[in-house]
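Novice: build the 3D model from these lines:
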Amino acid sequence: MIEPALAARAARNATAEEIAQMRAILDRHEAKLRRGEQAIDEDSDFHYALALAARNSVILRVLDVLMDLLRESRSRSLHAQFAKVFGRDYGNPFFEEYMTDDAEVVIVGMGTLSNPVRVAIREMRKEGKKVGFVRMRWFRPFEAEALAATLARFQAVGVIDRDFSLGAPFSSGVLATEVRATLYPVANRPALCAFICGLGGREVTLPDVKKMTDIMYAAAAGKPQPSTQWIGLRE
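Specialist: Residues are numbered from 1 along each chain as shown. From the prediction side, this is the model:
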C-alpha cells in the first residue's frame, strides 16, 4: 500500500496551512460519523490533501485515477444500501434501457427528452422499426465500460444533446463527446450519429425523434453522415 509512505512524505513536507486544512477535514469527518452520516466526501478530500502535501506529482496522478474508481465503487455501494433499506431497486444506477432487447438502433440521451423519445419509440415500433433508448441517469461518474458493452450490441447509436459545447471535438454536445470516446476502443463499434436538438427551450418533438431515427438507419446501412447534425432549427 502507498498510504504509509505517502503519509510519511506528507509529514515531512506539509505546511502549517495544509496541516490545518487536513485537521478541519478530519473534524468534519468525525462530526458526520457521530451523527451516523456517511463521510465519503471528507474521506476523499483528506486523501487528496495528503497527496498534495506529499509534493509528488506521480502520486497525484495515480490518486486521481484511484479517486474516480473509488467514487464509482461507492456509488454502487450506496445504490445497494438504498435498495436494502427502502426495498426498491432501480437496476443499473448509471443508465437504464428501454425496449433494447431486439433493437437495431438506439437513441442515447438524458434529462427531459426521455418522455418524447419513449412515445416516439412506441409509435415507431408499431411501424416495424426496432428502436430502443438508453437513458443516462447521471453524467458523472460516467460508466464507460458498461455503456460500451451495451451499445456495441446495436447497428447504430444516436446521441441527442440539448446543449452545444463550444470548442468540443466535432462540434458535438457533451454527451455525444463522451459516448464517442467510450465507443472508440470497441472492435465492432456501431455507427455513431451525434444530434443537437431542443435548444433555447424548444421541445424535442416526435417528428424530431423520427427524423433522427431515419438518419440512424441510414448510417447503419453505411451512408456517411455529418459528425454532428442540428435538428429542429428554424429555416
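Novice: can you tell me which residues contact residue 108?
Specialist: Neighbouring residues of residue 108 by Cβ atoms under 8 Å, 6 or more residues apart in numbering: 133-136, 151, 157-160, 175, 179. The C-beta positions use only the backbone N, C-alpha and C, and glycine is treated the same way.
Novice: run the last query once more with 10 Å
Specialist: Contacts for residue 108 were tallied using Cβ atoms under 10 Å, 6 or more residues apart in numbering; they are 95, 117, 132-136, 147, 150-151, 157-161, 175-176, 178-179, 182, 192, 194-195.
Novice: where does it land in three-state SS?
Specialist: With DSSP: H, G, I helix; E, B strand; the rest coil as the basis, the three-state label of residue 108 is strand.
Novice: the one 5 residues further on now?
Specialist: Taken by three-state DSSP, the conformation at residue 113 corresponds to helix.
Novice: list phi and psi for the residue nearest to it when sequence neighbours are not counted.
Specialist: Computed as Cβ to Cβ, 6 or more residues apart in numbering, the closest residue to residue 113 that is not its neighbour in sequence is residue 204, at 4.4 Å. In terms of degrees, to the nearest 10, the main-chain angles of residue 204 are phi -90, psi 110.
Novice: verify the stated contact: residue 204 with residue 110.
Specialist: No: checked against Cβ atoms under 10 Å, the pair residue 204 and residue 110 is beyond contact range at 11.8 Å.
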